[in-house]
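A.B. asks: what follows is a protein structure lacking sequence information:
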């Protein structure tokens, strides 16, 4: 299990986060609104976990070790938080792709 | 076999030949669009033909090849070397199938194109990517504009919508994307609007992942594997590719220039590391921009430069690449297409052969009439003059008919030569000796039988040239020879003969070594060896059981040596000579008669019988005085222009007994026997005539020294001698 409650309000993703971690993360995020996810030690993020992060949109802290995550996924997750979620609907109305600069998106 | 199928076979074979030619041309000039179109058309037409006769397997296999070609076109990139290799294999398979159809007489039901399909599937991008589509889909546009920084480098855009149950198949779409080559940018979104976090089923995949990549659609397709069916792969080269290519080319040129200046500044040719790295960088740059043939040239030049501690070869090679001189293969004139297709009809070779036989009979019959005319004249018949005139007219017509028939059986040598470029290409890559095969005089014509029989000896000669003649890269470098060797295959007409020469610029043949081998293998008595001239020694390699190769390779050295070549050529009435200069190369010259239909013979009388001697073999005829013949041991010889030539009496040879009668001073025929001159004394020299030589069959077929027989005008049989075999 690579998902841990580190301290109050901080969930840590470390090592290889597999599909099984998605449900645990989902529970933690549901239990603590506004939680921060610390992922400096994250080496691998399964797509299922990514889905939870995309929907839960927690504040991500630290830069993951994995180059792919740091270069390509971190900016996407960071952007989600910059625009605080009003509700799931905000993204629902958008084009199916959340890209790095959402301003450019065709509505 | 029904007519449609027969026609399909003929046309398919032609198209396969055409496709092979075009593929080879395309390989030389990968950027040549005209060539590309030719190749594409050949494959497409072949596929169409297979569709008409409902040969599904062939259709499928060819479709794969066509798709691979189409992919290259869509992505505006040159066809890759593996693709060309696969296309060749596809054609090989097609040839096999065609052979099968020919032997079975029907479309084989149980053939499977899976091998060919697999071949292309491993190399090719998914089918989705092959279909040309507009690149300006909204999602592509969005992706590009959102990632403007990397967009110019992007060659491929993909949108990946994995199946919702993919996690249960242990498929991790994110990992799949992360593993793609040349990943530039990634965008992630939901396929259907996200549920809220509490309602989210994290194990049902709802992601769509879009990405921009610097790799080609085919590379991306390969990396996506089975998941490519959930992907939309778009090539961006149509949109920004030209620009990207241009900048790429510019960058490549800059890099090449940089290597040049690096080399020039190095000055000291012993800086092997510097040479090696410059060569490596230049080769990689060229390979990256798809100029792999030039890359190979540069790599070879680098090896040469290091071996010789000389900068020049590499400087030249990189310089040429930078100027784009090496890509000038496109400057070659495009192959002439058969434009006269409408003016030709197909006639099966059996029908032509029947005509040839009939013409032969007619010639014999014409000769018989000539004989009859002479008889009539002798008897003083009143009809003699009329007969003579009519015979003269008939004679002329028969001669014309004969010429026309000979012309029908004539084929250009290109029909034999066309398979060689590919053969040499394969041998060259197998032996890792870069070779440029130059064909010359392919339009030279010769009798069909000659052209067809010539293939095998020529294959052997080409193999020999590559395997034994041409040195490896290091040796060539040491000898300051160009890294890419040249083999010249040249054909031309010389009088009634067709000459085919295979010339290589390899190591040449070491006469001393030849003698040594001949001695070791006891092919020639040691005493004889010492007296041999260099040319005579070279001729030793035609002896059965001779092979100078120290190792047996896949290509040659399998025990069939030059003697096989000489035998095959000899059977056609030709001869093989070899010239070689150590360090400069070897030329093997095959001399063949233009036509096998008509043989010119000279009749001679010996032992009271009439015989024919092929005129090819005769050098001259002469008469010598009795005392000019002197005994050498048990045999006799004459001296002709300061050369001692062994002399035999034809009557003795034929009756196999030696006569002591040296009383006759009969005429002597000087003939070419194998590589040497020989003198044959006959009782009388007769006339010269054109005959249709019939090979001997039945009891006579085993008799040595007979080339064949023909009918004379008076109905008697003339035996034509093979002097070389007889005197041996």
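C.D. replies: Ah, there it is. Because the structure is a prediction, the values reported are computed rather than measured. Numbers count the residues shown, from 1 in each chain, chains lettered A, B, ... in the order given.
A.B. asks: which parts of the stretch 101-250 of chain B are helices?
C.D. replies: Assigned by DSSP state H, counting those that start in this stretch, the stretch 101-250 of chain B shows helices spanning B:114-123, B:127-130, B:138-146, B:173-178, B:217-224, B:242-266.
A.B. asks: then chain A?
C.D. replies: Counting by DSSP state H, chain A has helices at residues A:20-31, A:47-56, A:67-68, A:74-82, A:89-92.
A.B. asks: kindly report the same for the stretch 451-600 of chain B.
C.D. replies: Going by DSSP H, counting those that start in this stretch, the stretch 451-600 of chain B shows helices at B:473-478, B:511-520, B:526-530, B:534-538, B:562-571.
A.B. asks: show me what the last one is packed against.
C.D. replies: For helix B:562-571, the packing partners by 3 or more C-beta pairs under 8 Å, 6 or more residues apart in numbering or on different chains; DSSP states H and E come out as helix B:448-464, strand B:575-581, strand B:585-593. Quick note: C-beta positions are derived from backbone N, CA and C, even for glycine.
A.B. asks: ok, which of these comes nearest residue B:142?
C.D. replies: helix B:448-464 (57.5 Å; C-beta to C-beta).
A.B. asks: measure the closest residue to residue B:153 other than its chain neighbours to residue A:4 for me?
C.D. replies: Leaving aside its sequence neighbours, residue B:153 sits nearest to residue B:214 (C-beta to C-beta, 6 or more residues apart in numbering or on different chains; 5.0 Å). According to C-beta to C-beta, to the nearest Å, residue B:214 stands 37 Å off from residue A:4.
A.B. asks: which parts of the helix or strand that contains residue B:638 are buried?
C.D. replies: For residue B:638, the enclosing helix or strand under DSSP states H and E is strand B:635-640. Judged by neighbour count (16 or more other C-beta atoms under 10 Å in any protein chain shown), strand B:635-640 contains these buried residues: B:636-638, B:640.
A.B. asks: and it, what other elements does it pack with?
C.D. replies: strand B:630-632, strand B:643-649, strand B:676-681.
A.B. asks: so which of the ones you listed gets nearest chain A?
C.D. replies: Among those, the nearest to chain A by C-beta to the nearest C-beta is strand B:676-681 (78.1 Å).
A.B. asks: what are the phi and psi values at residue B:2?
C.D. replies: phi -70, psi 160 (degrees, to the nearest 10).
A.B. asks: distance of it relative to residue B:107?
C.D. replies: As for residue B:2, its distance to residue B:107 is 11 Å (criterion: C-beta to C-beta).
A.B. asks: now the one residue in the stretch 401-550 of chain B that gets nearest to chain A: phi and psi?
C.D. replies: Using C-beta to the nearest C-beta, the single residue of the stretch 401-550 of chain B nearest to chain A is residue B:429, 37.8 Å away. Here is the backbone geometry of residue B:429 (degrees, to the nearest 10): phi -70, psi -30.
A.B. asks: and the one 3 residues further on, by the same measure?
C.D. replies: Reported as degrees, to the nearest 10, the phi and psi values for residue B:432 are phi 60, psi 40.
A.B. asks: follow-up on the earlier one: more neighbours: residue B:2 and residue B:107, which one.
C.D. replies: Per other C-beta atoms under 10 Å in any protein chain shown, whichever of residue B:2 and residue B:107 has more neighbours is residue B:107, with 18 against 10.
A.B. asks: distance check, that one against residue B:13.
C.D. replies: From residue B:107 across to residue B:13, the span is 16 Å (C-beta to C-beta).
A.B. asks: any idea of the pLDDT on residue B:674?
C.D. replies: Predicted confidence (pLDDT) for residue B:674: 64.
A.B. asks: try the one 5 residues further on
C.D. replies: Model confidence at residue B:679, given as pLDDT, is 88.
A.B. asks: contact partners for it?
C.D. replies: Residues in contact with residue B:679 (C-beta atoms under 8 Å, 6 or more residues apart in numbering or on different chains) are B:637-638, B:640, B:645-648, B:668-671.
A.B. asks: if you set the cut-off to 10 Å instead, what comes out?
C.D. replies: Residue B:679 is in contact with B:619, B:622, B:624, B:629, B:636-638, B:640, B:645-649, B:668-671, B:673, B:727, counting by C-beta atoms under 10 Å, 6 or more residues apart in numbering or on different chains.
A.B. asks: isn't residue B:230 up against residue B:177?
C.D. replies: No. In this structure, residue B:230 is not within contact of residue B:177 by C-beta atoms under 10 Å, at 11.7 Å.
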